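[1] Structure of the sequence below:
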Amino acid sequence: IGAIAALWLASWAFRRLLFSIKIARLAKTVPGVDGGIPILGQAINLVTTPPWDLLTSWVSRYGPLYRFNMFGTQVVVLADPHYIREIMNTKLSYFHKDLVFAYKPFMPLFGDGIVTSDGPKWFHQRRQL
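    A predicted model of the protein is given here:
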């Protein structure tokens, strides 16, 4: 049983590595925000400038789809209502909300409502609207 578990773990790690490589390649096709500090990325900019103003200025500069680095994580911004609607209606299973990092500060305010929930709970709440 130990050998089977080790084989399964190795297979899982290999699939995860391949997925990470694929995501890294895809991310390179999305325009990236210039500058930033290694590891911190654009975190300093997001603290020193109101985030909504900064993200809006980046939309003006890079277009409605761009990426930036924050604490070693690639953040992709999509600011086109047409594509957001398409994702929400047909391709939602390909995406997930980052409830641990991005939404955590909002959890006390929003609770586990439609804004901060994901997966089956989100689908159930969305059907209620």
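
[2] what about the strands in this structure?
    65-70, 73-78 (DSSP state E).

[3] now, of these, which is deepest in the fold?
    strand 65-70 (a mean of 19; mean count of other Cβ atoms under 10 Å). Placement of C-beta: from N, CA and C, glycine included.

[4] Which secondary structure elements does it sit against?
    helix 51-62, strand 73-78 (3 or more Cβ pairs under 8 Å, 6 or more residues apart in numbering; DSSP states H and E).

[5] closest to residue 5 out of the ones you listed?
    strand 73-78 (29.8 Å; Cβ to Cβ).

[6] quick one: low-confidence parts of the chain?
    For the chain, the stretches with pLDDT under 70 are 19-20, 23-24, 26-27, 91-93, 96-97, 99, 101, 129.

[7] all helices of the chain, in order?
    Assigned by DSSP state H, the chain shows helices spanning 2-27, 43-48, 51-62, 81-90, 107-110, 119-128.

[8] of all these, which lies closest to residue 71?
    helix 43-48 (6.1 Å).

[9] Taking the centroid of the protein, which residue is nearest it?
    residue 75 (5.3 Å; Cα atoms, centre = their mean).

[10] ok so, going back, okay, the strands of the chain in JSON lines with distance to residue 111 next?
    As requested, those are exported to JSON lines (distance: least, Cβ to Cβ, whole Å):
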{"stretch": "strand 65-70", "distance to residue 111": "25"}
{"stretch": "strand 73-78", "distance to residue 111": "24"}
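
[11] For residue 113, find the nearest of these.
    strand 73-78 (21.6 Å).

[12] now what about the closest one, what contacts it?
    23, 27, 30, 41, 55, 58-59, 64-69, 84, 87, 101-102 (Cβ atoms under 8 Å, 6 or more residues apart in numbering).
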